[in-house]
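# Predicted model and sequence follow; I will ask about them next.
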Amino acid sequence: MVTRKTVWIGTNWKMNKGPAEALAAAEALKAYRAPDGVKPFIITPFTSLQAVASVLKGADVLVGAQNMHWEESGSWTGEISPGMVKECGADIVLIGHSERRQHFAETDWTVSRKMSAALRHGLRPLLCIGESLEEYDFGVTAETLSRQLKIALHDVAHADLPNILIAYEPVWAIGAGGRAADTDCVAKVHAGLRAVLCEIAGKDIGDRVPLLYGGSVTQDNARSYVSQPNVDGVFVGRAGWSVPDFEKLIERVIEERAPA
């Protein structure tokens, strides 16, 4: 029998699904049983985080928050602390999404502080990295991603690295107007990211960090990504917003998984 790698499949609801709609989706997902070797997760708005996490406690679907502050408490109006995220029942916290970087002044340095804070509170950070279209066109994708990755992980203990998730999301590939990256491009980028992780922490640890791809992922192209040896899953947006679509995406992805 061929040993298969664990495949992570998640969706970011972004600023969608108010409390009632989110709760209904959670109830629909509560009975879902993930196939062996698959770890599904959803990233919810703060307004629904506690209710959704409560419904899905003990279920196969993990729950995450879309952002958090790095401080424990204080005069940070409008922000949510890592302790608050944890108390709401979250398993995962999304850090460094390109929409946060572009519109809300997120930087590599604040991302780094959030990574350490999340791990201190027993949360699994989902680190998003990605290059802009200009950086892609100028051929500096590898340099951009290496910088983002090294700064984000600067204060993360090597032993903690397998407890994080990393999602490569090229900025030019996400959102309603994005275009999906071709499989060869993703394979090359992920191989480079794996090399950086091994440079940082050694091969034994670097090989154990899950690398996800996100950016215009659909039911039709998801399998082509996870078939690559350094792609450990997909992180989607609108392709997973409805529960039936999310479940169908999982079924399509597991039809073709690469050996570990």
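Nice, I can see it. Numbers count the residues shown, from 1 in each chain.
# Please make it C-alpha for all contacts and neighbour counts, starting now.
Will do.
# who touches the closest residue to N67 other than its chain neighbours in this structure?
Nearest in space to N67, with sequence neighbours left out and distances taken as Cα to Cα, 6 or more residues apart in numbering, is L94 at 5.4 Å. By Cα atoms under 8 Å, 6 or more residues apart in numbering, the residues touching L94 are 43, 64-67, 125-128.
# And L149, by the same measure?
L149 neighbours (Cα under 8 Å, 6+ apart): I129.
# helix, strand or coil for it?
Three-state call for L149 (DSSP: H, G, I helix; E, B strand; the rest coil): helix.
# Report the separation between it and E169.
13 Å (Cα to Cα, to the nearest Å).
# So for these two, which residues contact both of them?
Common neighbours of L149 and E169 (criterion: Cα under 8 Å, 6+ apart): I129.
# burial of the nearest residue to H69 once chain neighbours are set aside, as a residue count?
Counting by Cα to Cα, 6+ apart, S81 is the residue found nearest to H69 once chain neighbours are left out, at 5.1 Å. Counted with other Cα atoms under 10 Å, the neighbours of S81 add up to 20.
# got it, and E247?
Neighbourhood size, E247 [other Cα under 10 Å]: 17.
# wait, what's in contact with it?
E247 neighbours (Cα under 8 Å, 6+ apart): G240.
# In which helix or strand does it reside?
Per DSSP states H and E, E247 falls inside helix 243-253.
# can I have stretch 177-189 written out in PDB, keeping just the CAs?
Coordinates of each C-alpha in stretch 177-189 appear next as PDB, following Å, rounded to 0.1, in the frame of the first residue of the first chain:
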ATOM      1  CA  GLY A 177     -10.300  38.800 -11.100                       C
ATOM      2  CA  GLY A 178      -7.500  36.500 -10.400                       C
ATOM      3  CA  ARG A 179      -6.000  33.900 -12.700                       C
ATOM      4  CA  ALA A 180      -4.900  30.500 -11.500                       C
ATOM      5  CA  ALA A 181      -1.200  29.800 -11.600                       C
ATOM      6  CA  ASP A 182      -0.200  26.900 -13.800                       C
ATOM      7  CA  THR A 183       0.800  23.600 -12.100                       C
ATOM      8  CA  ASP A 184       4.500  23.900 -13.200                       C
ATOM      9  CA  CYS A 185       4.700  27.300 -11.700                       C
ATOM     10  CA  VAL A 186       3.200  26.200  -8.400                       C
ATOM     11  CA  ALA A 187       5.500  23.100  -8.300                       C
ATOM     12  CA  LYS A 188       8.600  25.200  -8.800                       C
ATOM     13  CA  VAL A 189       7.600  27.800  -6.200                       C
END
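# So the residue nearest to N67 lies in a strand, does it not?
Yes - counting by three-state DSSP, L94 is located in a strand.
# List the beta-bridge partners for it.
Bridge pairing for L94 (DSSP bridges) gives the partners L126.
# Could you check the pLDDT of it?
Reported pLDDT at L94 in the predicted model: 98.
# and it, how far is that from N230?
L94 is 21 Å from N230, by Cα to Cα.
# same question, H103
Applying Cα to Cα, the value for H103 to N230 is 30 Å.
# So these two - more neighbours on which side?
Per other Cα under 10 Å, whichever of H103 and N230 has more neighbours is N230, with 25 against 8.
# So what does that one look like in phi/psi?
Main-chain dihedrals, N230, degrees, to the nearest 10: phi -100, psi 10.
# isn't it right next to K188, touching?
No - if you go by Cα atoms under 8 Å, N230 and K188 don't touch, sitting 9.1 Å apart.
# Surely S146 is in contact with V196?
Yes - S146 lies in contact with V196 (Cα under 8 Å); the separation is 6.8 Å.
# If we ignore the residues flanking it in sequence, what's nearest E255?
Spatial nearest neighbour of E255, excluding adjacent residues (Cα to Cα, 6+ apart): R223 at 7.3 Å.
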